[in-house]
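**Q** My questions concern the predicted model and sequence given below.
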Amino acid sequence: MTTFSKRLEKRRLEKGWTKTKTAKRLKIGLSTYANYEYGLREPDIKMLTLIANLFDTSTDYLLGKTPNFDDFEDKLNWSYFDVGNKSTLETTVQNVHNYLDY
């Protein structure tokens, strides 16, 4: 599964919708929508925009360009603070605290 397909499924489930209901709302066939969720097909930009609007999110989020800070996993995957060679342990700990308080 791609980031897009995972996030698409996640948003649909958050709404409590079936694939059938979602496909009807988008005015597309069930198999087309299901293939988006299975990662077998990707929507064009027009459909991507419709999907983002339907799920009250951004196209960037759906495509994995921005994190969802509601998801702890996404917090871990996105680098918010610098832990380069010059970073001290104290600075790193403070950066982690600042990040989690964000």
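**A** Yes, it's here. Numbers count the residues shown, from 1 in each chain.

**Q** tell me which helix or strand of the chain sits lowest on mean pLDDT?
**A** helix 72-77 (a mean of 51; mean pLDDT, DSSP states H and E).

**Q** Tell me the helix or strand right after it.
**A** Where DSSP states H and E defines the elements, the next helix or strand beyond helix 72-77 is helix 89-101.

**Q** Flag every buried residue along that following helix.
**A** By 16 or more other C-beta atoms under 10 Å, helix 89-101 has no buried positions at all. (C-beta placed from N, C-alpha, C; glycine too.)

**Q** what do you get for stretch 27-45?
**A** So for stretch 27-45, counting by 16+ other C-beta under 10 Å, buried means 28, 33, 36-37, 43.

**Q** again with stretch 47-57
**A** Quick answer for stretch 47-57 (16+ other C-beta under 10 Å): 47-48, 50-52, 55, 57.

**Q** Test my guess that residue 8 contacts residue 36.
**A** Yes: counting by C-beta atoms under 8 Å, residue 8 does reach residue 36; the two are 5.8 Å apart.

**Q** Please enumerate the shared neighbours of the two.
**A** The contact sets of residue 8 and residue 36 overlap at residue 51 (C-beta atoms under 8 Å, 6 or more residues apart in numbering).

**Q** Out of the buried residues of stretch 27-45, which sit inside helices?
**A** 33, 36-37 (DSSP state H).

**Q** do you know how far residue 98 is from residue 67?
**A** For residue 98, the distance to residue 67 (C-beta to C-beta, to the nearest Å) stands at 16 Å.

**Q** Mind splitting the chain into its structural domains?
**A** 3-62, 72-101 (automatic domain parsing).

**Q** Kindly report which one of those carries the lowest mean pLDDT.
**A** Lowest mean pLDDT within these: domain 72-101, at a mean of 60.

**Q** what residues does stretch 39-51 touch?
**A** 1-2, 4-5, 8, 26, 28, 32, 35-36, 59, 62-63.

**Q** now those residues as a markdown table including distance to residue 17?
**A** Putting the contacts of stretch 39-51 into a markdown table (distance: C-beta to C-beta, whole Å) gives the following:
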| residue | distance to residue 17 |
| --- | --- |
| 1 | 18 |
| 2 | 20 |
| 4 | 17 |
| 5 | 16 |
| 8 | 11 |
| 26 | 11 |
| 28 | 14 |
| 32 | 16 |
| 35 | 17 |
| 36 | 14 |
| 59 | 19 |
| 62 | 16 |
| 63 | 21 |
